[in-house]
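[1] no sequence on this one, just coordinates:
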């Protein structure tokens, strides 16, 4: 089966030469943009900044803790637990199409990969700091 995803929609009737966003969209159709792979970069950006990714970020543990902390700050007598808040966000705040489905799984995987990458990067930086902050050198004595 052929699958497609709309990345860019241009309505020439509504275009304005004074609007930079409109000019950026038109740029995607010119030779220079095709040679520079601008459409691919735009497509990657659209894939990362969409409702599925934002939904997964909202459902993350850090955001749930932030919501809990904000509720406790605003209402000191309230003692919400994270599981209740998570269920509330998933079942009553977010739409079903951003909580279930193949695109949701893809968004989860992208977020896992980005989180793992950040973890590896911070671990590597921490290791460098633990070594005294000096850059590592090769065996032959050169930097």
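    Perfect, thanks for sending it. Computed from a prediction, not measured in an experiment: that's the story for all the values here. Residues are numbered from 1 along each chain as shown.

[2] Can you read off the pLDDT for residue 136?
    Listed pLDDT for residue 136 reads 52.

[3] do you know how far the residue nearest to residue 99 when sequence neighbours are not counted is from residue 60?
    Nearest non-adjacent residue to residue 99, counting by C-beta to C-beta, 6 or more residues apart in numbering: residue 90, 5.6 Å away. No exception for glycine: its C-beta is placed from N, CA and C like everyone else's. Distance, residue 90 to residue 60, by C-beta to C-beta, to the nearest Å: 12 Å.

[4] Likewise for residue 29?
    Distance from residue 29 to residue 60, by C-beta to C-beta: 37 Å.

[5] Residues contacting the lowest-mean-pLDDT helix or strand in the chain, please?
    Ranked by mean pLDDT, DSSP states H and E, the weakest helix or strand in the chain is helix 31-35, scoring a mean of 79. With contact meaning C-beta atoms under 8 Å, 6 or more residues apart in numbering, helix 31-35 is reached by 27, 38, 39.

[6] what's the nearest residue to residue 54 once chain neighbours are set aside in contact with, if anything?
    In this structure, residue 54 finds its nearest non-sequential neighbour in residue 98, 8.0 Å apart by C-beta to C-beta, 6+ apart. Residues near residue 98 by C-beta under 8 Å, 6+ apart: 51, 52, 54, 55, 104.

[7] Quick check on these: which are buried?
    With burial judged by 16 or more other C-beta atoms under 10 Å, the buried subset of those is 52, 55, 104.

[8] Can you name the element that comes right after the least confident helix or strand of the chain?
    helix 38-48 (DSSP states H and E).

[9] list the buried ones in that following helix?
    Those would be 38, 42, 47, for helix 38-48 by 16+ other C-beta under 10 Å.

[10] Now do the last one against residue 82, distance only.
    Put plainly, it is residue 47. Per C-beta to C-beta, residue 47 is found 29 Å from residue 82.

[11] picking that back up, from the buried residues of helix 38-48, which is closest to residue 129?
    Checking the buried residues of helix 38-48 against residue 129 by C-beta to C-beta gives residue 47 as the nearest, at 34.2 Å.

[12] most centrally placed residue in the protein?
    Nearest to the mean C-alpha position of the chain, counting by C-alpha atoms, centre = their mean, stands residue 48 at 5.1 Å.

[13] I'm done for today, thanks for sticking with me.
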